[in-house]
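Asks: Coordinates for the following, if possible.
(chains A and B)
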There are 2 protein chains.
Amino acid sequence: MEQHIQQAIKERRSIREFTEEPVEPELLHQIITAGIWAPSGLNNQPWRFVTIRDKDISARLASLTHYAHIVEAAPALIAVYLDKEKMYDSVKDHQAAGACIQNMLLAAHELGLGAVWLGQILKNKQQVNEVLQLSEQYDLMAVVALGYPLHRTQQSRRLALEDVILHELGGITP
Amino acid sequence: MEQHIQQAIKERRSIREFTEEPVEPELLHQIITAGIWAPSGLNNQPWRFVTIRDKDISARLASLTHYAHIVEAAPALIAVYLDKEKMYDSVKDHQAAGACIQNMLLAAHELGLGAVWLGQILKNKQQVNEVLQLSEQYDLMAVVALGYPLHRTQQSRRLALEDVILHELGGITP
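Replies: Below you'll find the predicted structure:
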């Protein structure tokens, strides 16, 4: 059995260097569509998005994070928000945002794009809202930087299974 | 171009009814492996897991949630935890847990299994830790119930893209 999904999950890397080729709006829509098919508690779908393909706005956002060079160089950005009026449980809504972003990263990978999930910019989330002309109703969860990868040499490591499985209970009898 | 991943993301459903066929430990390991290949902030990998294929333990967990019938009937459960000693930012760590769980759900779907992400049990997370003999160092994020689906007729709905995209900035010039 071919296991495309598990393979993609393992092969996907954070891509931080992009070619100058623009990312078509249609691809951003496909990526957001993947995001919104994540599950959410009570199916509340609290996620909201801003797409950015504007160099001036990207430069203003870049000034708000330590990772300015990535934000500035990315041909496209998607800011992922939670709509506070749709939230019902902060832990579960933050989890849902994470599930949504992971779907977006996997879809980007499948579309031949590279992407990186940027969280450090959250320390300036109020200023990000000002740049994007959003009220306090919207709580920034992450900025995903996107583009065609300059290379795919990025390596990553994970703990071994025995380091993350605390207990395996049952199944001893046949 | 075949788009297996985006298709799987859209086809995956929460599965709440299972056959009695057991789920092999090897499949649970594959699912957890998919989970841990999620990204996490600073690659801190705060997730930890307990696998449960023991009817007595499942019954005790079932008594701790409104969704007792699902927990009791599922041939396998995976409890997903955060290790508080590995956390660095609660919002980002909860997001990472969500990304991890989404990978697990997608892997389960690819493996022909059905799964559902259960969060309501978090209201009794201390008792869950007692049943699973875990200290307060571990913070329950969700229980994923798994098994072979009794059917795949579950429907789901999502908002339209225009209802979740707040702004599309830039790219007006060709």
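
Asks: Same question for the residue nearest the centre of chain A, what's its three-state structure.
Replies: With distances taken as Cα atoms, centre = their mean, the residue of chain A nearest its centroid is A:Ile101 (3.6 Å). Judged by DSSP: H, G, I helix; E, B strand; the rest coil, the three-state class of A:Ile101 is helix.

Asks: where along chain A do the strands fall?
Replies: Secondary structure of chain A, counting by DSSP state E: strands at A:47-53, A:76-83, A:114-118, A:138-147, A:165-170.

Asks: Tell me which of the ones you listed sits nearest to B:Asp89.
Replies: strand A:138-147 (11.9 Å; Cβ to Cβ). No exception for glycine: its C-beta is placed from N, CA and C like everyone else's.

Asks: For A:Leu64, which non-adjacent residue is closest in space?
Replies: Spatial nearest neighbour of A:Leu64, excluding adjacent residues (Cβ to Cβ, 6 or more residues apart in numbering or on different chains): A:Asn124 at 4.0 Å.

Asks: okay but the one you found is in contact with A:His66, surely?
Replies: No. Using Cβ atoms under 8 Å, A:Asn124 makes no contact with A:His66, being 10.0 Å away.

Asks: Pick out whichever of the two has more residues nearby.
Replies: Under the neighbour definition other Cβ atoms under 10 Å in any protein chain shown, A:Asn124 and A:His66 were set side by side, and A:Asn124 has more, 16 against 11.

Asks: measure that one to A:Ser63 for me?
Replies: For A:Asn124, the distance to A:Ser63 (Cβ to Cβ, to the nearest Å) stands at 9 Å.

Asks: quick revisit: can you tell me which of the strands of chain A is nearest to B:Ala74?
Replies: Among these, strand A:165-170 sits nearest to B:Ala74 (Cβ to Cβ), with 12.1 Å.

Asks: The closest one and chain B, any residue contact?
Replies: Yes. For strand A:165-170, a contact with chain B is found by Cβ under 8 Å from any Cβ of the partner chain, at A:165-170.

Asks: of those residues, closest to B:Ile78?
Replies: A:Ile165 (9.3 Å).

Asks: can you tell me which residues contact A:Met141?
Replies: A:47, A:80-82, A:94, A:97, A:101, A:122, B:91, B:95 (Cβ atoms under 8 Å, 6 or more residues apart in numbering or on different chains).

Asks: In JSON lines: those, plus distance to A:Pro149.
Replies: Shown next, in JSON lines, are those (distance: Cβ to Cβ, whole Å):
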{"residue": "A:Trp47", "distance to A:Pro149": "25"}
{"residue": "A:Val80", "distance to A:Pro149": "21"}
{"residue": "A:Tyr81", "distance to A:Pro149": "26"}
{"residue": "A:Leu82", "distance to A:Pro149": "29"}
{"residue": "A:His94", "distance to A:Pro149": "28"}
{"residue": "A:Ala97", "distance to A:Pro149": "24"}
{"residue": "A:Ile101", "distance to A:Pro149": "18"}
{"residue": "A:Leu122", "distance to A:Pro149": "25"}
{"residue": "B:Val91", "distance to A:Pro149": "28"}
{"residue": "B:Gln95", "distance to A:Pro149": "23"}
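
Asks: Would you point out the most distant pair within these?
Replies: Across the contacts of A:Met141 (Cβ to Cβ), the longest gap, 15.3 Å, separates A:Trp47 and A:Leu122.

Asks: What number of residues are in the vicinity of the closest residue to A:Ser40 other than its chain neighbours?
Replies: In this structure, A:Ser40 finds its nearest non-sequential neighbour in A:Ala96, 3.9 Å apart by Cβ to Cβ, 6+ apart. Counted with other Cβ under 10 Å, residues neighbouring A:Ala96 total 31.

Asks: check contacts around A:Ala96.
Replies: A:38-41, A:44, A:46-47, B:98 are the contacts of A:Ala96 under Cβ under 8 Å, 6+ apart.

Asks: what do you get for A:Ala34?
Replies: So A:Ala34 contacts A:103-104, A:106-107, B:5-6, B:9-10 (Cβ under 8 Å, 6+ apart).

Asks: rewinding a little: of the strands of chain A, give the one that comes closest to B:Glu20.
Replies: So among the strands of chain A, strand A:165-170 is nearest, using Cβ to Cβ, at 14.8 Å.

Asks: list the buried ones in that closest one?
Replies: A:165-166, A:168-170 (16 or more other Cβ atoms under 10 Å in any protein chain shown).

Asks: Repeat that for stretch A:2-10.
Replies: Buried residues in stretch A:2-10, defined by neighbour count with 16+ other Cβ under 10 Å: A:4-6, A:8-10.

Asks: do stretch A:42-54 as well
Replies: Here stretch A:42-54 shows A:44-54 as buried, counting by 16+ other Cβ under 10 Å.

Asks: Next, give phi and psi for A:Gln154.
Replies: phi -60, psi 130 (degrees, to the nearest 10).

Asks: hang on, isn't it packed against A:Arg12?
Replies: No. With contact defined as Cβ under 8 Å, A:Gln154 and A:Arg12 do not form a contacting pair (9.8 Å).
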